[in-house]
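Visitor: please work out how this folds:
(chains A and B)
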Amino acid sequence: MSGFRLGGGPLDGAEAVAFRWRGREMTGLRGDTLASALMAGGVRLVGRSFKYHRPRGIMSAGEEEAGALVTLGEGARRTPNLKAPVVELEPGLAAAPQNCWPSLEMDAGAVNGLLSPFFAAGFYYKTFMGPFGGTRAWMFFERFIRRAAGLGAASEAPDPDLYEQVHGHCDVLVAGSGPAGIAAALEAAEAGLDVVLAEQDFETGGDLLADRDRSALGAAREALAAAGVRVMTRAMVFGVYDHGVAGIAERLPAGGAVRERLHVMRCARIVSATGAIERPFVFGDNDRPGVMGAEAARVYVRRFGVAPGRRVAVATTNDSGYAAALAMAEAGLRVTLLDSRERAPEAAAAAAAEAGVEVMREAVPVRALGGMPGGAVRGLVVGRHAGGGRARPVSRLDVDALAVSGGWSPTVHLSSQARARPVWSEDQLSFLPAPGEVIACGSAAGVWTREGCEASGRAAGREAARGLKASRKKALEAPEAGGWEVAPDAVWEVSAKGRKLKGFVDPMHDVTAEDIRLAHREGFERPEHMKRYTTLGMATDQGKVGNVVGLAVMGAAQGAGIEALGTTTFRPPYAPVSLGVFAGEHAGADWAPVRRTPFHAMADAAGAVFVDAGRWKRSWYLPRGQEGLRAASMREAAMVRETVGVCDVSTLGKFRVQGPDAAEFLDRVYSNLMSSLPVGKARYGFMLREDGMVFDDGTVWRLGEADFLVTATTGHAEHVEAHLSRWRVRWPELKVAVADVTEAWAGLAVAGPRAREALGRVAGGDISDDALPFLGVREMEVAGVPAMVARISFSGERAFEVYARPADAEALWDGLVGAAEAEGGGPYGLEALDLLRVEKGHVTGREIDGRLTLADLGMPGMASRRKDFIGKALLGREGLADGNRPRLVGLRPAEAGAEVQAGALLYAPGEETGFGLGHVSSIADSPHLGARIALGFVRGGLERWDGRMVMAKDPTAGRDVKMTVVSPVFVDPEGERLHG
Amino acid sequence: MRLPCPLCGWRDEGEFAFEGPAMDWPSLDAPEAEWVEAVFLREQPRGRTEELWRHAPGCGTWLVIERDNVSHEVHGARLARPGEEKALLKKDRRA
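Guide: Numbers count the residues shown, from 1 in each chain, chains lettered A, B, ... in the order given. Next up, the predicted model:
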């Protein structure tokens, strides 16, 4: 035996694997976990605890690990809070302890342990609410507390690895590949079903991996392959959702292209063969390094060939401790077994004794003794057990490891997630799964023997096959929960001479039995309250180790049983899953799809800078030379007012509304009349929500008697589409169809005093005022391609919108931009477009924020009195007619050039408190006026405030600016430019 | 959760948009009080209920799904616009 590695173990002769622990080179074997390699290397102190910085070692061999939490990797790949027993040892792995400073052995935070009376349950609530000034005190102390209490730190660098998401289907998903899971998978596969067997470990076998004779394991693996079972390793079924959807997180071996993979598996049946988790019980200093689960000790010896110590005590309250004692004794370790019970299982006790185990009955550990470097266990005080945990110290035992079994908790997570609340069994001292959507079997169903688990798995596989009508064989009788020879002992906490000792219920969150009694005394008695008050079960293991013991301690304090308390709710995930798994490929540039207009490449070639507008990339401005946003957009806006500009308007929502009742439909969804619109004309209109508030504005073009095109604001396009089709469904009597043609029409606006001349250069039809008056619509060729031309203006200038097929976008751009340039103009972007509309007082999504009526926008006349429409009934509600509602106004800073931001609140001078009069919605620097202008809302509107001063307060920027209220139409209020 | 689309079959919940209860709306000329009820004072039934869903990123169809909002059991689904079911399903069969 070299170090703690035993000779003749299953990993004998395996390839050596070099890794680093705290920067130190170490060697393990292929097939090791990080925990078994550390244990083999003699590492006992692995980390410091969450709150009191107590020294901790390896406590388990699974996901329930509460002591050996480590940080893996460096730089961008640094991953904190991993459990050493489930980290597969891979070449080059680098691991480090957490929550210790300056070093693991000399930890300054350990002083918290001396202050523990002050850090008891409810510490935060008591300290930071009430006399100390609450939030203010918390703000001051938070960073010290955060530094003192905690886990590892995640990397702040972007994750360089690739994650994938895969969708799958199967007939039967079996979670867990122990004896029960294998039997269930084989039974279902033999019935001809497509079976997936998912195992969270990197090896299949579960309990078979701890067999001395590996022949059963080999045979099982061959049978699975022969039966065509799809076996997944490193794949944890972390969640079961409605209708047979399971989430599986798969870790891939290091060095591959993908780091982790999410499988969303839709299963006709789900079988939970997830095993059981051994729990500890409370005695003095039960968290010292070297104290671990008895089953874990057996696994380290049998599966990895590693000894947890040389002189070991096993303390058990049930039959399972004998198997651990026997395994260790057979491996040559000196073992003493303390059984809390008077009666021992005869055969197991005899076998253990024969292997050299010293068996003590009615014996419990009272206190673990430390003193070795790092506080590791060096002995224990043995007590004579008088029942119920009461003990009298009788002797001392020198040991360097203590393996504890306080009973077993079936892993009922998956069946409980499917909303079958687990039921407490006083016989088994376990929560057992209730029947439900998930079929539980094996020790996940409280079956404790190998034969029982296999029979239970077979029965579960048959049940799944029969349920899916794949098997006509009769149902197999599943074994009942149980299998112990001697009933387990309800020992939760050891007390000596009536005194309770400081011991941990939930070592991961440093919750002691005394904390739970405190919660009881202070009235937090229900499991959900106890959990939140003490933080029991709120660590990353979610109470896998501590919850049942905590419930028992609370039950004892109340004089009630666990069955009266019940459990907290089980929710996915079963164990922590990295965020990358849920993000999958949807990160960075692939976070969401990007929409580009048909003119994107042309605008790009013209030097456009793009801006995100929803999912769209829109041409923002087209700088010349060193121009920035401001200079370029002001030049472009001036160009439109002086000559002509061309702007990409393809992002507007566009919907074709067709059918004999299309006109009636539009009359119902628009507030103004649309049925009177002649063919070949367009009309501006408003849609209201059902509650009477303005929903969106746009234009309606009548292309034929029963054929309309509807446009909507870019940002509202999807909502307008949903609104139209929703109401179409609600009015089945209307013969009408709605189709989204947003991406089928590529559009350019041509605006400015020279717009007609520019369009005339490339138009194949008559665009004179007679042929195409304001709001006229005509089909014609433009730049040699078929197009629809409408005389519509957003800028207040004479303007046209020209739409063509996306395939013809290049011809249209080249033709219209070329023509504009020949007239002294050119392309302009979104910023200039916005600036021009603010000058005209035209509203967009910045103004139409869902809280405004037509009257608030100064357009009460757009609500038709001649017909009914959506929103009309609630438009007349009391309060909406109040003349003192915020109304659209224009605003100008009293001092030229004063900085104001959209969102600033407006107040009457001298009354600058409360919600004020309204707010600023849009800001622009108008080249036309040579001044900064704004749109906003003021209570009472122009009627009350025209020409008067208001105060714009911008609390985020800390600025107050005086502004004058003016008309929202800054340019050409008479509309001469539009028609002229 | 999985939901049945009469046109596409069973699909994941993520493919659907919830659109509220499948309720009767007042007519446009109904009095204000009826609209206040419909917009602001809706029933919130517990248990078996009819809901309006849309198979938004799929076929786009509006559906009435009858399901239990406690157990999440689905009892049935139909196209929301009466009469459309026949037309669309017939067309589908021809295709």
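Visitor: what residues does chain B have near chain A?
Guide: Residues of chain B lying near chain A by CB under 8 Å from any CB of the partner chain: B:1-2, B:10, B:12-13, B:17, B:19, B:25-32, B:34-36, B:38-40, B:52, B:54, B:60, B:62, B:72, B:74, B:80-84. The way it works is simple: take the backbone N, C-alpha and C, and place the C-beta from them, glycine included.
Visitor: helix/strand/coil for residue A:152?
Guide: Secondary structure state of residue A:152, per DSSP: H, G, I helix; E, B strand; the rest coil, is coil.
Visitor: any idea which helix or strand carries residue A:574?
Guide: Assigned by DSSP states H and E, residue A:574 falls within no helix or strand.
Visitor: could you measure it against residue A:544, distance?
Guide: 9 Å (CB to CB, to the nearest Å).
Visitor: overlap in contacts, the two.
Guide: Residues touching both residue A:574 and residue A:544 by CB atoms under 8 Å, 6 or more residues apart in numbering or on different chains: residue A:63.
Visitor: if we can go back for a sec, which of the residues of chain B next to chain A are buried?
Guide: Among those, those buried by neighbour count (16 or more other CB atoms under 10 Å in any protein chain shown) are B:2, B:12, B:19, B:26, B:28, B:32, B:35, B:38-39, B:52, B:54, B:62, B:74, B:80-81, B:84.
Visitor: who's in contact with residue 81?
Guide: Since you didn't name a chain, this refers to chain A. Contacts of residue A:81 by CB under 8 Å, 6+ apart are A:69, A:71, A:98, A:151-152, A:540, A:576.
Visitor: oops, chain B please
Guide: Taking CB under 8 Å, 6+ apart as the test, what residue B:81 contacts is A:728-729, A:732, B:62.
Visitor: again with residue A:270
Guide: So residue A:270 contacts A:172-173, A:175, A:240, A:244, A:246, A:414, A:418, A:437-439 (CB under 8 Å, 6+ apart).
Visitor: list just the nearest of these to residue A:305.
Guide: Checking the contacts of residue A:270 against residue A:305 with CB to CB, the nearest one is residue A:175 at 28.0 Å.
Visitor: thinking that closest one is in contact with residue A:238, fair?
Guide: No: if you go by CB atoms under 8 Å, residue A:175 and residue A:238 don't touch, sitting 9.6 Å apart.
Visitor: which single residue in the stretch 451-600 of chain A comes nearest to chain B?
Guide: Distance from chain B to each residue of the stretch 451-600 of chain A (CB to the nearest CB) is smallest for residue A:593, at 11.2 Å.
Visitor: what's the nearest residue to that residue if we skip its chain neighbours?
Guide: residue A:615 (6.3 Å; CB to CB, 6 or more residues apart in numbering or on different chains).
Visitor: and the one you found, what does it touch?
Guide: Per CB under 8 Å, 6+ apart, neighbours of residue A:615: A:592-595.
Visitor: buried among those? Make that a PyMOL selection.
Guide: Restricted to buried positions by 16+ other CB under 10 Å, the PyMOL selection for the contacts of residue A:615 reads:
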select buried, chain A and resi 595
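Visitor: now the contacts of residue A:615 in JSON lines, with pLDDT and secondary structure?
Guide: Supplementary listing: these in JSON lines, determined by pLDDT from 0 to 100; DSSP: H, G, I helix; E, B strand; the rest coil:
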{"residue": "A:592", "pLDDT": "88", "secondary structure": "coil"}
{"residue": "A:593", "pLDDT": "91", "secondary structure": "coil"}
{"residue": "A:594", "pLDDT": "94", "secondary structure": "coil"}
{"residue": "A:595", "pLDDT": "95", "secondary structure": "strand"}
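Visitor: picking up where we left off before, next step: the contacts of residue A:270 restricted to helices.
Guide: residue A:414 (DSSP state H).
Visitor: identify the farthest-apart pair in the contacts of residue A:270.
Guide: Maximum distance among the contacts of residue A:270 (CB to CB): 14.9 Å, for A:172 and A:418.
Visitor: buried set for the longest helix along chain A?
Guide: Of all segments of type helix in chain A, defined using DSSP H, the longest is helix A:450-467. Residues of helix A:450-467 classed as buried: A:450, A:452-466 (neighbour count, 16+ other CB under 10 Å).
Visitor: repeat that for stretch A:837-845.
Guide: In stretch A:837-845, counting by 16+ other CB under 10 Å, buried: A:837-844.
Visitor: and the residues you listed, which is closest to residue A:652?
Guide: Once CB to CB is applied, the member of the buried residues of stretch A:837-845 that ends up nearest residue A:652 is residue A:844, at 11.4 Å.
Visitor: mind checking which of the residues of chain B next to chain A are in helices?
Guide: B:32, B:34-36, B:38-40, B:84.
Visitor: leaving out chain neighbours, which residue sits closest to residue 31?
Guide: In the absence of a named chain, this looks at chain A. Closest to residue A:31 by CB to CB, 6+ apart is residue A:11, at 4.8 Å.
Visitor: to clarify, I was referring to chain B.
Guide: With CB to CB, 6+ apart, the residue lying closest to residue B:31 is residue A:873, at 7.2 Å.
Visitor: is it correct that that neighbour is in contact with residue B:28?
Guide: Yes: contact criterion CB under 8 Å: residue A:873 and residue B:28 qualify, at 7.2 Å.
Visitor: which residues sit against stretch A:473-490?
Guide: A:317-319, A:340-341, A:343-348, A:388, A:407, A:425, A:427-430, A:432, A:441, A:445-449, A:452, A:455-456, A:458-460, A:462-463, A:465-466, A:552.
Visitor: if we use 6 Å, what do you get?
Guide: A:317-319, A:340-341, A:343, A:345, A:407, A:428-429, A:432, A:446-449, A:452, A:455-456, A:458-459, A:462 (CB atoms under 6 Å, 6 or more residues apart in numbering or on different chains).
Visitor: can you turn the buried part of these into a PyMOL selection?
Guide: In PyMOL, this line selects whichever of these come out buried by 16+ other CB under 10 Å:
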select buried, chain A and resi 317+318+319+340+341+345+407+428+429+432+446+447+448+449+452+455+456+458+459+462
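Visitor: what residue of chain A is the furthest out?
Guide: Ranked by distance from the centre of chain A (CA atoms, centre = their mean), the top residue is residue A:770, with 60.1 Å.
Visitor: and the buried residues of stretch A:837-845, which is closest to residue A:21?
Guide: Closest to residue A:21, out of all of these and judged by CB to CB, is residue A:844, at 60.3 Å.
Visitor: A strand includes residue A:204, no?
Guide: No: assigned with three-state DSSP, residue A:204 falls outside any strand and is coil.
Visitor: quick one: contacts for it?
Guide: residue A:177.
Visitor: which positions in chain A make contact with chain B?
Guide: A:242-243, A:690-691, A:729-730, A:732, A:868, A:873-874 (CB under 6 Å from any CB of the partner chain).
Visitor: by neighbour count, which of the residues you listed wins?
Guide: residue A:873 (25 neighbours; other CB atoms under 10 Å in any protein chain shown).
Visitor: how many other residues sit next to whichever residue of the stretch 401-550 of chain A sits closest to chain B?
Guide: Nearest residue of the stretch 401-550 of chain A to chain B (CB to the nearest CB) works out as residue A:419 at 8.1 Å. Number of residues near residue A:419 (other CB under 10 Å) recorded here: 17.
Visitor: okay, it: pLDDT?
Guide: On pLDDT, residue A:419 comes in at 90.
Visitor: ok, now which ones touch the closest residue to it other than its chain neighbours?
Guide: Nearest-residue entry for residue A:419: residue A:436, 6.8 Å, with adjacent residues in sequence omitted and distances by CB to CB, 6+ apart. Contacts of residue A:436 were listed using CB under 6 Å, 6+ apart, and they are A:415, A:418, A:420.
Visitor: TSV for the residues of chain A next to chain B, including pLDDT and secondary structure?
Guide: Putting these into TSV (pLDDT from 0 to 100; three-state DSSP) gives the following:
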residue	pLDDT	secondary structure
A:242	93	helix
A:243	93	helix
A:690	97	coil
A:691	96	coil
A:729	94	helix
A:730	94	helix
A:732	93	coil
A:868	97	coil
A:873	95	helix
A:874	95	helix
